[in-house]
Structure formats: structure tokens, C-alpha cells
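Undergrad: This is the structure alone, sequence omitted:
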């Protein structure tokens, strides 16, 4: 069957199971858009190509599948860069398709020509230029395999306009992926494995560091069996949240810069750390010289390049988290670790009791209240997509996720502007789920043009703006480390409710704590997108905090006053 | 100094990916050579990098993550044969020519071009040997030099073979919407 390259591209995407494409048309990708119109694929018109990549990313993270973004050449492609880097740093499988000028003028600085494969080389798992119609189907199939296999990541396929226009024979069965063969490394190193088993069965103070890799490998059940087998306390990275139920008594919560004190102290006092699908990022280790000095370390990780990168480990089990855990669990001797777990619970007692709802209403609205209300009202069952900054940390602290893929956030790159578009993508992946976008007033203003996408697509999203009139996290750093010189952090914002109304979106402003729950309820009941502008306390800070570069146990703790939540208040 | 060998797909852009990766990891490359192998679809690289064992591990593992890299291995510390080749154009007149010829003989180098006022000397061997010859040639006036950079091979039964290209990718195709 003879088809044009553009038709082949749409046909291949359809056969690969794609339903939605997030994109923006332009000259060099027009043949594909013409073919899109004749296909069954649903195209979501974004307002900026960065939004397209975040939507594809949110789609991938919420579904466990692959998100697809599309843009034209030149500025369309360069606008994707931040979204691609975001997906790269969080190992999210996104396939980006960009149009490119005709192969005959490649390299001539033609109108809207840019070397996007050159630009994105360090921020994609792989990228490729396609100049022949006959190569499109195979290349796309390969792109999907690469994006999803091993440690996932974004792949960019740049298709020249002449390749889109030319015709070629389309034979799906003949164009199976043909990737270069890789050396088969034996992932099962018996000596390492036995060393790990020995460490597991002799540890007195073990702590698991649970990361995103557990979700990526679909290892939730294997992980739970492993945790139960050894009765291990579990600390989570930001992206690991959801891989193990928050309500489980063995779940300590998030570790790291804004992890609770008992979590970080447990890590510092541990004699064994079992890292699963996490990469010892500086935000979770603090100063490496003082990090978990007394602990031996086991690292279960699919990416060999992560082994001994930041932290030297005693046993490295390279492989898919699920496979490794399934192999490991039968060798774990049942131990109660009672004294150790009791000790951690004592550490908890020294910190805040987390029932912030029972604190007296002083009339102030704190972000922590809003998040906590949101958690209670949604019974912890919503998909929450957060942006970057204080609200992101409060969400991680006060919204307790029991299920995987229900917290979607930009962890590695820390991309402001991520939440709204990623939330739209998540909603497309999970149309029947309640999706909340929790975003600061700063990040929201970076990509708020996507409100129009919501309206055009008629989707039902809930948006909670945690509006404190500052670039809050930066303000907090200025407060702590720059003597309260608030340079460039006070932030003027439009009236978000009026703005939403101008887009045709229902909205409400919430200024007191007593209004919070009813506003959330009203928003949830509405069968359409609702935006809530929560005007929260302006100079609130996220506690505890490990200053950048400080030791993990060296935390700035919650002050007694003025404070949202302390043990004594509760 | 660490020495790595990589087998890569013999196609445009791969060298760029490899060098770009080293730059991204902040690893300084001392020498990088690339050439075809007995299989025309596969090229072999020898990378000599200014880094420690830890850096070399990271470079090796990161290289192997590149789709176009079939195999990467740190061969530092193993029994190696290493060769560098240089063409050195040196000033030579009637008077010092005999002296030069003596030196060339000692270094087992050879003259590959003779001109009235210069010679081109070809020398191959270890880096030390070439550096040594260069040192003694300097007083004569080195006019131009081209060096290939190092190529390395492990000795004897220590084989480093590329995986075969003719096998189809075994990875299954993923589903776009895994969780329904």
C-alpha cells in the first residue's frame, strides 16, 4: 500500500495505540496535520509547545504509557526543550515529533530551520532525523521501544517536510524495530546478590529508600512483599510517593530537604539503606560526606550509570526493580526490628503531630490547611499534579497518597509551569479520575495560557492556586539565607478568578480557612473545570528544611511561632 | 588517565553523541580515535580520558546507554597493546640529515617523504616512544606534526568483540496506554 510519509506517520501512531497527540501546527509539519485530520487520532491544540511536552509527560506519568507531543520546526521545536528536559530528568517516556525543513535545504538556515536534534541531544534518551518516507514507520516504532524500555526517557523524531510529502510502500509487518544489538550484561551477579542478602539479614536498623523506579517497573506488589518480608521502614523520594501506601505504619514519609525530621534522622541513624529505584539526588542526601555514615548500602537500580555516582554502595543489584525484588524477597529472613521501629516512632513524637485540622482557626489561611482539606475531601484518591516550589513540598507533606501514579510532579528538573499542562495530560490519560492541579501563583503565570486548551477540549479539571503573592520558595531562601532581602520575589498577579472567567472557566477566591472545604466541595461537584484561588499566608515557610549542602540531620525545624502546626498546638 | 574501548554503529552523528556525552559528564578527553572494524556497520573507538576509575565507570555505563553504542568497556589496568602513529615534518639540510637518519633508525621510525629542506618521518608505537622521538627532533625544527591518537587492544585471549548486528531487536513493543 502506497502512502505519503505523513499518512504513514499517522497510521504508525494509530497502530502503536496512540489516541491523543498534544501539539501545535506550523509550516514544516503541515502535511502531517493534513493527514491527522483524516485519521482517528485526537489532536489537542495547545497554546505553547512547552505545554504540549508537559501534557505528553503528564499523560505518560498518569497512564504508565507513552505520551506524544508534536510541533513544527524552528521555534515550535525549541519551545519543546524545557518539556523534554523535564521528562528526561524524571525518566518519563515521551515521544516528540517535530517537522523539519525539506532535506534538500537542510543546513542552509532556511526559514524556521533549527538543528533540533543537536539541541536536544543531551536531554533526550535518543533522537533521530528522518529524511525518507519509507523510514518513518520503523523509526517511530523504534522511538516507542526506546522511550519505554529500560530506564524510560524522551525520544525526539525530526521528520523533514519532503519525507512527509513523499510516498512510500507501507508494510507494518516489514518494519519491525531494528535497534542496534546491545551487549547482554548479566544482571544477576551472584556475589553481589549474596552480599546483599547477608546485609539484609544482619541489619538492625534498616531503612528502605523507595524511588520512582518502583512505579516505572510496576513493582508495587513485589515491593510490598519485600517490605513485609523484612519488616522494613520505608522512606520515599518525592517521585517515589505513591509506590507504597502512605497509611501503612511502615511508611515514614518523604525524605530529604523537606522530609520530616524523623525520616531524615532515621536515615542518618540507620545501619543499612536499601535504595530501590532512586538515585541519591542531592536533594535527598544533603552533604554526602556526612550522609548515613554508619549505614551499609544496597542499591537496586536499572541504570548502571547511577551505581556509585553520588554514594558508594556495598552491594549493587543492577536490574529491573520488580525482578530484583522478586528474586530477593525469598531470601529475606523475617525480622521484627521492633526496637528500631519503636525508636523511629519516638523520633516522630518529638516532631509535629500532623493533625493540623484540629488546630484553632486563627482566621489565617495556610497552604498546609488547603492541601490537608483537599486530601480529606478527595479521600486521598485524586490524581494531584503539582508545580514546583513551596506548594509542591506542602503537597508532598500533607496529601497522603496511597496509590501509585497519583502524584505527578517535576522532581529532577524542577520545572515551574509544569502543573497546568501536565494536569491536562493526566486528565486525558485518566478521564474518569478526579485530577487536581495544585500550583503556585508564580508557576501558574508561566503556562496559564493553557486554560484556553482546557476550554477548547471541554475537560473537567480542578485547579487550586496556592497564591501567596511571592515566588514563595525563593522568598523562603531569601528569608533564611539572604537576610530577608526579598529581591525579585514579590509577585503581582492578575485576579485569577476574573482571569479564569474571561476564559469561560468557573472560579472562586478563597481567603479564610472556613471557606476552604466548601469551596473544594463545590468545585468537586461541578461537572466542569473550576479554578480556586486560595489567598494564603504570604510569608509562610516549608519546614523542616535541610539547607542546600548541609548535613541531612542538620535541619531548620518548625519554629514555635508563628506556626501552622506544632505538636504543642495540636 | 583511563582507556575505554567502544563499539558503535558506523553512521553519522555517533561521534558527536559520544563526545557530547563526555562533555556533559565534565570528563576531559585526551584522545579519541574512531575507525571501521572488520564489520563495515560497526566502528571501534578508543577513548583516553582524564578521569579516575569512578569517572571511567560512569562514562562506560553512560556510553552503553546510548542507542548507537553496542558496547563500551573500561580496559584500563588490563594487559594492553597501545599504538599511536605520528607523521612529523622536520627541517633537514645537507649537514644534519645524516644525524637525523641515525635517530630515526634508533626509534625504528622511517622516512616517508624527502624534500630539499625537510623530511616527513612516520613513527608508530606507544605514546612514550613518540614523545621521546619528538623530544630529540625538536632541536632540528619540527615544522608540522599529525598524530592519530591512541588505539588500544587487550592482549591474548582477552577478547572484546562487538555484539552481532544481524539479530533483530528482542525488546517487545510497549503499549501506549498500559493502565486503562
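TA: Now that the structure is in, tell me what you want to look at. Since we're looking at a predicted model, the values are computed, not measured. Residues are numbered from 1 along each chain as shown, chains lettered A, B, ... in the order given.
Undergrad: Sort out which residues of stretch A:379-388 are buried, please.
TA: A:380, A:382-388 (16 or more other Cβ atoms under 10 Å in any protein chain shown). Quick note: C-beta positions are derived from backbone N, CA and C, even for glycine.
Undergrad: cool, and stretch B:4-15?
TA: Residues B:4-10, B:13-14 are the ones in stretch B:4-15 that count as buried (16+ other Cβ under 10 Å).
Undergrad: Reformat the residues you listed into CSV and put pLDDT, distance to residue A:30 and secondary structure next to each item.
TA: Converted to CSV, the buried residues of stretch B:4-15 look like this (pLDDT from 0 to 100; distance: Cβ to Cβ, whole Å; DSSP: H, G, I helix; E, B strand; the rest coil):
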residue, pLDDT, distance to residue A:30, secondary structure
B:4, 97, 45, strand
B:5, 97, 46, strand
B:6, 97, 40, strand
B:7, 96, 40, strand
B:8, 96, 36, strand
B:9, 94, 32, strand
B:10, 93, 35, coil
B:13, 91, 27, coil
B:14, 95, 32, helix
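Undergrad: Return the member of these nearest to chain A.
TA: Checking these against chain A with Cβ to the nearest Cβ, the nearest one is residue B:9 at 5.2 Å.
Undergrad: List the contacts of the closest one.
TA: Counting by Cβ atoms under 8 Å, 6 or more residues apart in numbering or on different chains, residue B:9 touches A:180, B:41-43, B:68-70.
Undergrad: Per the annotation, how does chain B divide into domains?
TA: B:2-78, B:81-151 (automatic domain parsing).
Undergrad: tell me which residues of the top helix by length along chain A are tucked away?
TA: Taking DSSP state H as the criterion, chain A has its longest helix at helix A:49-63. Using 16+ other Cβ under 10 Å as the test for burial, helix A:49-63 gives A:49-63.
Undergrad: And for stretch A:273-293?
TA: Using 16+ other Cβ under 10 Å as the test for burial, stretch A:273-293 gives A:273-281, A:283-287, A:291-292.
Undergrad: Could I get the pLDDT score of the residue nearest to residue A:481 when sequence neighbours are not counted?
TA: Spatial nearest neighbour of residue A:481, excluding adjacent residues (Cβ to Cβ, 6 or more residues apart in numbering or on different chains): residue A:547 at 6.9 Å. Looking at residue A:547, its pLDDT is 95.
Undergrad: so residue A:547, which of the three states?
TA: Three-state assignment for residue A:547 (DSSP: H, G, I helix; E, B strand; the rest coil): coil.
Undergrad: what about it, how many residues close to it?
TA: Using other Cβ atoms under 10 Å in any protein chain shown, residue A:547 has 15 other residues around it.
Undergrad: So it is in contact with residue A:554, correct?
TA: Yes. With contact defined as Cβ atoms under 8 Å, residue A:547 counts as touching residue A:554 (7.4 Å).
Undergrad: if you count residues, which helix in chain B comes out on top?
TA: When chain B is parsed with DSSP H, its longest helix is helix B:53-65.
Undergrad: counting contacts, what elements does the helix or strand that that helix is followed by pack onto?
TA: For helix B:53-65, the following helix or strand on the C-terminal side (DSSP states H and E) is strand B:69-74. The elements that strand B:69-74 packs onto, with contact taken as 3 or more Cβ pairs under 8 Å, 6 or more residues apart in numbering or on different chains; DSSP states H and E, are strand B:2-9, helix B:14-24, helix B:53-65.
Undergrad: so which of those comes closest to residue A:67?
TA: Judged by Cβ to Cβ, the one of the helices and strands packed on strand B:69-74 that comes nearest to residue A:67 is helix B:53-65, at 21.0 Å.
Undergrad: Flag every residue of the stretch 251-400 of chain A that's near chain B.
TA: Listed as neighbours of chain B in the stretch 251-400 of chain A under the rule Cβ under 8 Å from any Cβ of the partner chain: A:303-305, A:307-309.
Undergrad: Of the domains of chain B, which stretch is the most buried?
TA: domain B:2-78 (a mean of 18; mean count of other Cβ atoms under 10 Å in any protein chain shown).
Undergrad: which other residues reach the host helix or strand of residue A:117?
TA: Taking DSSP H and E as the criterion, residue A:117 maps to helix A:116-120. Helix A:116-120 is contacted by residues A:73, A:77-78, A:80-81, A:84, A:98, A:100, A:127-129, A:156, A:158, B:13, B:16 when judged by Cβ under 8 Å, 6+ apart.
Undergrad: What residues sit buried inside that helix?
TA: Residues A:116-117, A:119-120 are the ones in helix A:116-120 that count as buried (16+ other Cβ under 10 Å).
Undergrad: Stretch A:428-435 now?
TA: A:428-430, A:434-435.
Undergrad: quick one: which of those sit in strands?
TA: Of those, the ones assigned to strands by DSSP state E are residue A:435.
Undergrad: would you turn the contacts of residue B:9 into CSV with distance to residue A:458?
TA: Listed next are the contacts of residue B:9 as CSV, based on distance: Cβ to Cβ, whole Å:
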residue, distance to residue A:458
A:180, 44
B:41, 51
B:42, 53
B:43, 53
B:68, 43
B:69, 46
B:70, 49
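Undergrad: Which pair of those spans the longest distance?
TA: Greatest spatial distance among the contacts of residue B:9 (Cβ to Cβ): B:41 and B:69, at 13.5 Å.
Undergrad: just for chain A, where's the confidence low?
TA: Across chain A, the ranges flagged by pLDDT under 70 are A:186-187, A:350-359, A:560-570.
Undergrad: what's the domain layout of it?
TA: Under automatic domain parsing, the residue ranges defining each domain of chain A are A:2-174, A:190-349, A:356-535.
Undergrad: quick one: contacts for the residue nearest to residue B:59 when sequence neighbours are not counted?
TA: Distance criterion Cβ to Cβ, 6+ apart; nearest residue to residue B:59, sequence neighbours excluded, is residue B:27 at 5.7 Å. If you count contacts by Cβ under 8 Å, 6+ apart, residue B:27 has them with B:49-51, B:55, B:58-59.
Undergrad: in the stretch 451-570 of chain A, which spans are strands?
TA: Using DSSP state E, counting those that start in this stretch, the strands found in the stretch 451-570 of chain A span residues A:462-467, A:506-510, A:530-535.
Undergrad: ok so, going back, which of the buried residues of stretch A:379-388 fall in strands?
TA: Using DSSP E, the buried residues of stretch A:379-388 in strands are A:383-386.
Undergrad: Residue A:20 pairs with what?
TA: Taking DSSP bridges, one obtains residue A:42 as the residues bridged to residue A:20.
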